[in-house]
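K.L.:
Attaching a predicted model along with its sequence, questions to come.
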Amino acid sequence: MSRNLYANFSSTVSGTGALSSPFSYSQIRNYFNPTLGDDCGIIPEDGDIINSEGIINIIDIDTIFSIKRNLTGKIIVKVKDLITLPWRIESADNINDIIYLIKNVTDYTISDLEIRDFIFCQNS
């Protein structure tokens, strides 16, 4: 059965993935790679759906998702509301310096990571 988790990338509030207590960006990074961010207390499971909103600030970070988990299953990351709450990615440097969004660490894999309704834009 799918779990619906919620990630607010603009939030610094700790949470466990409930609608009223969203993941922060650091926690969602930890969800994919337990050596990064703040412990979110949730281990990925097959069928997880992460509903996201907010601004991703990637200053001094070269990836959004660094995979350091082994999972034979599917995880979906999607925008909660494409019209009013799109993902926005901000960078202190040239936007062209962002080389990749997802990085697999050697010997770790999530068998099916699906990014849905991803919007890549820059503030003017």
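P.N.:
Yep, that arrived.

K.L.:
Okay, buried residues for the strand ranked longest in the chain please.
P.N.:
Counting residues, the longest strand found in the chain (DSSP state E) is strand 70-79. Within strand 70-79, the residues scored as buried using 16 or more other CB atoms under 10 Å are 71, 74, 75, 76, 77, 79. Using the backbone N, CA and C atoms, a C-beta is placed for each residue, glycine as well.

K.L.:
Is it possible to get TSV of those residues that adds pLDDT and distance to residue 49?
P.N.:
Listed next are the buried residues of strand 70-79 as TSV, based on pLDDT from 0 to 100; distance: CB to CB, whole Å:
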residue	pLDDT	distance to residue 49
71	92	14
74	93	9
75	92	8
76	90	5
77	85	8
79	73	12
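
K.L.:
between those residues, which is nearest residue 54?
P.N.:
For the buried residues of strand 70-79, the residue nearest residue 54 by CB to CB is residue 79; the value is 10.2 Å.

K.L.:
Do you have the strands of the protein handy? List them.
P.N.:
Applying DSSP E to the chain gives strands spanning 4-8, 48-53, 55-57, 65-67, 70-79, 88-90, 102-104, 109-116.

K.L.:
Quick one: the buried residues of strand 70-79 as a markdown table, columns for distance to residue 17 too.
P.N.:
As requested, those are exported to a markdown table (distance: CB to CB, whole Å):
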| residue | distance to residue 17 |
| --- | --- |
| 71 | 16 |
| 74 | 17 |
| 75 | 13 |
| 76 | 14 |
| 77 | 13 |
| 79 | 16 |
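
K.L.:
Out of those, which is nearest to residue 1?
P.N.:
Within the buried residues of strand 70-79, the smallest distance to residue 1 is 12.8 Å, found for residue 74 (CB to CB).

K.L.:
Many thanks, have a good one.
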